[in-house]
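Trainee: Build the 3D model from these lines:
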Amino acid sequence: MTSPSSQETSNLPHSSTSGGFFANLFSRTQRYSPEEWKELLKSHPYVPPGSGDARSPCPLLNTFANHGISIPRNGRNFTKRQLYELLIIMGVKSMLASLVVTSVFVMYRQPAPNSTWRDSFRSASTLSLDSLGIHGLLEHDVSLTRHDAQIAPYDAVSVVPELVQQMATLAQTSHLNAENIVFDDENYFHHRKSRWLTCIKENPYLHYSFIQQFLSAAEAHLLLHLLGRNDQISLDHMNLFLLDERFPDNWHPIDRPLSGLSAIRTIIRYYRRVRQTNPMLAASKGTES
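Mentor: Numbering: from 1, shown residues only. Here you go, the predicted structure:
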C-alpha cells in the first residue's frame, strides 16, 4: 500500500518529457506560476516533523519535506528524480540540476567492502535527509544557523534560534529607517565572517576549506536569490524558512530559471566579500543580541 507521503509527492503535476541529457530519469520540468503554487500549497499544508522523521542540515530540503512536496514528509528514501524535481521548482536550470543530483547520489552511496573500484562511481538508489548530516561532505563547519558537528552539543542538523536571531539583529541594525527590514548580502558577509571567527575560537577541529567556503557562498545564493530575491530576503520570510522550515503564504518560486553564469558570478562575489569583510565589524555586529 502506498504511504500518504508517497501519494503526495507522486501527485505533483508535470510537463511533457523532452529528449536530451538524462532525459529518461530527469523528465519532469514543472515550474509554477504564483497562482499554481498557491493551489499546490493548499493541497500540501505545512506539518512539522514527527518522531522518527529524518531531517537534514539544509532548511530548504526540510521545508519541502514539511510540506510533502518532492521530498516525502518522513524525509526518507527520496529518489534522484524527486530531488531533481525540487531543484527545477526552485529555478535551477535542468542541466545543472541533473549534475547536482547525480553528484549527490554518488557522493552519499555506501559501497560494500568487497565492491570493485567501479562501484565508487555508482549512485545510491535513494537517500534520506539525515544522510546529508554526515560531516565533511555537504555538511560543513561555519554554518549560518547550525552548530559545528564536532563540538557540543554535536548536532549540526537542528537549527540554533540564537544564530537566526543574530541574523535578524544585523538586518535591523543596518536598516534602522527602512519600512521593510530585509537581510541582505552585506548582512550575510558580516554574519558568515562572525561565525567563522567564533568557530575558530570554539572548534579545535575546525575545517573550512576553499571548497566548503565556496559551498557556503552557493548556499547564500540560494537564500538571497531563490528563497529571497536580488541579494536580499525579508525578515518574515527568513524566519519562516530558517526557524519553522515552512513556505510563507505570500512566497512563490522564481518565475524563470536563473542564469548559470550570473549565479556563478554572484557565488564568487559572496566568497570574496566574506573574506574581505572587516573582522572587527563582523565580530561586533554578529554578537549583538
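Trainee: shaky segments in the stretch 101-250 of the chain?
Mentor: The stretch 101-250 of the chain contains no residues with pLDDT under 70.
Trainee: which residues of the stretch 1-150 of the chain fall in strands?
Mentor: Secondary structure of the stretch 1-150 of the chain (DSSP state E, counting those that start in this stretch): no strands located.
Trainee: what about the helices in it?
Mentor: Here the stretch 1-150 of the chain has its helices, by DSSP state H, counting those that start in this stretch, at 4-10, 34-43, 59-67, 80-89, 94-107.
Trainee: ranking those helices by burial, who's on top?
Mentor: helix 59-67 (a mean of 24; mean count of other Cβ atoms under 10 Å). Where C-beta positions appear, they are placed from N, C-alpha and C, glycine not excepted.
Trainee: Can you give the distance from that helix to the centre of its chain?
Mentor: Relative to its parent chain, helix 59-67 has a centroid offset of 9 Å by Cα atoms, centre = their mean, to the nearest Å.
Trainee: Please put the alpha-carbon coordinates of it into PDB.
Mentor: The C-alpha trace of helix 59-67 is given here as PDB (Å, rounded to 0.1, in the frame of the first residue of the first chain):
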ATOM      1  CA  PRO A  59      16.500  24.300   5.600                       C
ATOM      2  CA  LEU A  60      15.300  24.200   2.000                       C
ATOM      3  CA  LEU A  61      15.100  20.400   1.800                       C
ATOM      4  CA  ASN A  62      13.500  20.300   5.300                       C
ATOM      5  CA  THR A  63      10.900  22.800   4.100                       C
ATOM      6  CA  PHE A  64       9.900  20.700   1.100                       C
ATOM      7  CA  ALA A  65       9.700  17.700   3.400                       C
ATOM      8  CA  ASN A  66       7.500  19.500   5.900                       C
ATOM      9  CA  HIS A  67       5.100  20.200   3.000                       C
END
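Trainee: Tabulate the helices of the stretch 1-150 of the chain (a markdown table), appending distance to residue 255.
Mentor: Shown next, in a markdown table, are these (distance: least, Cβ to Cβ, whole Å):
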| stretch | distance to residue 255 |
| --- | --- |
| helix 4-10 | 23 |
| helix 34-43 | 8 |
| helix 59-67 | 18 |
| helix 80-89 | 12 |
| helix 94-107 | 16 |
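Trainee: Quick one: closest of those helices to residue 191.
Mentor: For these, proximity to residue 191 was assessed by Cβ to Cβ; helix 59-67 is nearest, at 14.8 Å.
Trainee: which residues are in contact with the closest one?
Mentor: 41, 44-49, 53, 55-56, 70-75, 86, 90, 129, 132, 145, 159, 222, 227, 241-242, 245-247 (Cβ atoms under 8 Å, 6 or more residues apart in numbering).
Trainee: related to what we said a few turns ago, ok, which of the helices of the stretch 1-150 of the chain comes nearest residue 167?
Mentor: Among the helices of the stretch 1-150 of the chain, helix 59-67 comes nearest to residue 167, with 12.2 Å by Cβ to Cβ.
Trainee: what domains does the record give for the protein?
Mentor: 1-134, 140-289 (automatic domain parsing).
Trainee: returning to that earlier point: among the helices of the stretch 1-150 of the chain, which is nearest residue 151?
Mentor: helix 59-67 (21.0 Å).
Trainee: got the angle between the closest one and helix 34-43?
Mentor: Relative orientation of helix 59-67 versus helix 34-43 (axes from the mean of the first three to the mean of the last three Cα atoms, to 10 degrees): 60 degrees.
Trainee: Just the helices from the stretch 151-289 of the chain, written as ranges.
Mentor: Taking DSSP H, counting those that start in this stretch as the test, the helices found in the stretch 151-289 of the chain are 161-174, 185-202, 210-221, 235-239, 260-276, 279-286.
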